[in-house]
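> Provided below for reference: sequence and predicted model.
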2 protein chains.
Amino acid sequence: MSKQVLPVVDLNAVACCSPIAVRPMDAEQATVVAPMFKALGDPVRLRLMSMIASVPEICVCDLTPDFDLSGPTISHHLKVLREAGLVDAERRGTWVWYRVKPEAFRQLGALLEISTAPAAGGTA
Amino acid sequence: MSKQVLPVVDLNAVACCSPIAVRPMDAEQATVVAPMFKALGDPVRLRLMSMIASVPEICVCDLTPDFDLSGPTISHHLKVLREAGLVDAERRGTWVWYRVKPEAFRQLGALLEISTAPAAGGTA
DNA sequence: ACCCTGTTTTGAAGTCTGTCAAGCTAGAGG
DNA sequence: CCTCTAGCTTGACAGACTTCAAAACAGGGT
């Protein structure tokens, strides 16, 4: 039983991407997406995420020293990012390597787009 | 003393916008930005946000009925969005009207951009 | 086989969050 | 001035979150 590293958020369930500035989100979609934002809502995780996102992949051993936190705590935060579907992890020999899941990233970016923003007038 | 509606997150302090996929975030910036993501990390607030964002402005009285929650609870969530700097509120007569702060929105969107993403190879 | 290093899991403590009931404030209209 | 409605604030409580220490797990080297 390889209970290794399995994402929890189903990206296909994230009704694809119309920015929230264009159309209100239904309750179900909000339930799916909110955990991703929540995962980024902690300063430690946000930094972890940005460290992972700014390179192709990175070892936990290169993440930990940047924080005044215990190893287990970093590991916990990484797990939250994993379960939010934002990153993937893979063990290679002694070390575990993390990389972003670009789809997830794109999802969130798309939701926040102002793009063809509403402006006055009404939805009629 | 008008303790009306005052934002807490200083948008100017959000070192402007290089996507986290490009350069890791420093601790200070993460501390400033994380609360915005956190505010969106609750399904109720995410829906509120999207309802507000999809029209020019909207009255609390038009937000509340969409949820199976008490008035105070909605009010609490709106306060969180306000203090995260994501929305503004204004009382006009009997009703209070909410609208998004597009700058904040844009900030977050910019951070999530993959834009000139890293791809393999290394940062060299 | 044993130990050493890197990472995750478990268990526990303290803090924060989401929610409601009750009470309060702001404006409209008599 | 009184009352009614819309919305916010306070207080309280159950549940979730962050963190660490201790222990477990995974590989590599001797």
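Sure, I can see it. Numbering: from 1, shown residues only, chains lettered A, B, ... in the order given.
> contact partners for the most centrally placed residue in chain A?
The centroid of chain A falls nearest to A:Leu86 when counting by C-alpha atoms, centre = their mean (2.9 Å). Shown in contact with A:Leu86 (C-beta atoms under 8 Å, 6 or more residues apart in numbering or on different chains): A:Met36, A:Ala39, A:Leu40, A:Met49, A:Val100, A:Lys101, A:Ala104, A:Phe105. Glycine gets a C-beta too; all of them are placed from N, C-alpha and C.
> filter these down to the ones in helices?
A:Met36, A:Ala39, A:Met49, A:Ala104, A:Phe105 (DSSP state H).
> who wins on neighbours among the residues you listed?
Ranked by neighbour count (other C-beta atoms under 10 Å in any protein chain shown), the ones in helices among the contacts of A:Leu86 have A:Met49 at the top, with 30 neighbours.
> was I right to think it contacts B:Pro19?
No. Taking contacts as C-beta atoms under 8 Å, A:Met49 lies outside contact range of B:Pro19: 11.4 Å.
> now check stretch A:47-64, is it near DNA strand D?
No. Under the criterion of C-beta under 7 Å from any atom of the strand, stretch A:47-64 makes no contact with DNA strand D; the nearest approach is 10.1 Å.
> in that stretch, which of the residues would be classed as buried?
Neighbour counts over stretch A:47-64 (16 or more other C-beta atoms under 10 Å in any protein chain shown) mark A:47-58, A:60, A:63-64 as buried.
> of the residues you listed, which pair is most distant in space?
A:Pro56 and A:Thr64 (19.0 Å; C-beta to C-beta).
> return the distance of stretch A:58-74 from the chain's centre.
With C-alpha atoms, centre = their mean, to the nearest Å as the basis, stretch A:58-74 stands 18 Å off its chain's centre.
> and DNA strand C, is it touching that?
Yes. Contact of stretch A:58-74 with DNA strand C (C-beta under 7 Å from any atom of the strand) involves A:Cys59, A:Val60, A:Cys61, A:Thr64, A:Gly71, A:Pro72, A:Ile74.
> from these, which ones fall inside strands?
A:Cys59 (DSSP state E).
> from the residues of stretch A:58-74 next to DNA strand C, which two are the most distant?
Taking every pair in those and measuring C-beta to C-beta, the maximum separation is 16.8 Å, between A:Cys59 and A:Pro72.
> so where's chain A uncertain?
Within chain A, the stretches with pLDDT under 70 are A:1-17, A:114-124.
> and with 90 instead?
Scanning chain A for pLDDT under 90 picks out the ranges A:1-24, A:105-107, A:110, A:113-124.
> can you give me the strands in it?
A:58-59, A:87-92, A:95-100.
> buried residues in the second one, which are they?
In other words, strand A:87-92. Applying 16+ other C-beta under 10 Å to strand A:87-92 flags A:Val87, A:Asp88, A:Ala89 as buried.
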